[in-house]
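**Q** Below are the sequence and a predicted model; questions follow.
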Amino acid sequence: GSVTLTNPYTASISPAAMARHSTSGKIATASYFYHNGYMRLLLTQHTSDGVVDASFGNSGIVVTSLSTESIYPRALAYQSDGKLLVGGYSVDTTPYYNAVLARYTSTGTLDSTFSNTIGGSDGFIKFCWRSASSCATNSLYTGVLAIDVQSDGKIVVGGKGKVSDAGTGYTAALARFNANGSFDTSFGTEGRNLYSPGPINSDSEIQALRIQSTGSILASGSSADGSAHKAFALRVRSTGSLDATGQSAFGDTAGNSGCATVGCIAFSYAGSTGLQGAIGLAEDSNGKIYLTGNSGANMGIARLTSVGALDSGFGSSGSVTLDAGTNYDYGNALVIDSANRLVIRTEVGQTGDAATCIFRIGETGVLDSTFAAETSTAGKICHSRSFGGGTPINNGLALDSDGNILYNIHISDTYATVGLRRRRP
């Protein structure tokens, strides 16, 4: 149930993201590694059966580098035509952080038809989240952390952007691109918008997003203001404005749930004491919304109704916490299977016993003991990593057409080898 790939540069690889093409079943991964002073982007593609796709790059591998900058991928998505979108950030020696969006053809070459008059051409775009007239070329603390593609081919990305060039604070941001890479000016201000989902003056970032069937955009992430850390979710209309009015208004319409504005909800998981966040986001067939992140030292999961209220029918007042290990656990991704069960990827960042774990829980928030029943910890399965101390951000998780669970992971003790695993439901 696993395939491996070794870095041709014989350097340690950090896996960051994974995507599955809904029609062909092909699986792509994005990782990064250090070589000659900078981080390089490494992409792989496999067929649905786990065979290296020789039509992609050099024997299924593509490496992209910038001459004087490092590249860190954080998000990956397929278009319906098989082209691959990569989001993240680049860092130069200043250091300046630039939001990055790149597109590759189905054969692994940068797509020259994807360009932007503000941010770049030949398939690789660096951009700022504010309008061109108010944004310096380089902007501290910005990045793309999430991608989804609308049915009309427009591309929505989420992440974090600076409110101004002065200072180091950042806030949640969304942008929408046309299929050719230009900004969609019908969205926000010149195709971009900044939001304030956390306490006033807090730093915040969008870590996950999805396009709803109505065309609205659901997004989630984390906000921090000193010791006040909260997860948040918000819903944005097709114009980029928060869904804050009318019968379907999302979140706390009084604007006092911890959000600085209406149209969102901010909360702490039950029993939590530490940093909060909502890195994973999914929606079930009944329109209920699930978020996962961390709750103190444990993984946290919350369920919202379709209008953004914590759902009391799930866990304790709408949220549950689960312990994957003896140190910090982060729920990095979640998907929902055909039986409305949650499959959650968790990273455990404990020195000497680091692991990647897959949980499955039922609709009420109870661990599903029929999953991985052959193990001593039914309801979850963990794979040890050869390094610890620090929790990697890796959101690689998907279901194939048969309901099998796909995820990417470190394989070897030297962690210069990464791979894919497939587990039956």
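**A** Good, I have the coordinates. All figures in this text were calculated on a predicted structure; none of them were measured in a lab.

**Q** The stretch 101-250 of the chain: strands as residue ranges?
**A** When secondary structure is read from DSSP state E, counting those that start in this stretch, the stretch 101-250 of the chain shows strands at 124-127, 143-149, 155-162, 170-177, 192-195, 203-211, 217-225, 228-236.

**Q** just checking, what packs against the fifth one?
**A** Under the contact criterion of 3 or more CB pairs under 8 Å, 6 or more residues apart in numbering; DSSP states H and E, strand 192-195 touches strand 170-177, strand 228-236. The way it works is simple: take the backbone N, C-alpha and C, and place the C-beta from them, glycine included.

**Q** buried stuff in that strand?
**A** 192-195 (16 or more other CB atoms under 10 Å).

**Q** quick one: low-confidence parts of the stretch 251-400 of the chain?
**A** Counting by pLDDT under 70, the stretch 251-400 of the chain has low-confidence residues at 252-262, 270-276, 325-327, 349-353, 385-393.

**Q** what about the helices in it?
**A** Assigned by DSSP state H, counting those that start in this stretch, the stretch 251-400 of the chain shows no helices.

**Q** Show me what Leu43 bridges to in the sheet.
**A** Note on Leu43: beta-bridge partners by DSSP bridges are Ala30, Val62.

**Q** What does the pLDDT read for the closest residue to Phe33 other than its chain neighbours?
**A** In space, and not counting its chain neighbours, Phe33 is closest to Ala11: 4.5 Å by CB to CB, 6 or more residues apart in numbering. Among the per-residue scores, Ala11 shows a pLDDT of 80.

**Q** Tell me how far Ala11 lies from Tyr38.
**A** As defined by CB to CB, to the nearest Å, Ala11 lies at a distance of 11 Å from Tyr38.

**Q** With Pro425 instead?
**A** Distance of Pro425 to Tyr38, given as CB to CB: 41 Å.

**Q** Neighbour count: those two, which is higher?
**A** Taking other CB atoms under 10 Å, Pro425 and Tyr38 do not tie; Tyr38 has more neighbours (19 against 16).

**Q** Wait, the more buried one touches Val63, no?
**A** No. Taking contact to mean CB atoms under 8 Å, the distance of 11.8 Å between Tyr38 and Val63 leaves them out of contact.

**Q** who touches Cys155 in this structure?
**A** Quick fix: residue 155 reads Ile, not Cys. Going by CB atoms under 8 Å, 6 or more residues apart in numbering, Ile155 touches 85, 101, 147-149, 176-179.

**Q** Repeat that for Gly396.
**A** Residues in contact with Gly396, defined by CB under 8 Å, 6+ apart, are 15-18, 29, 333, 345, 406-409.
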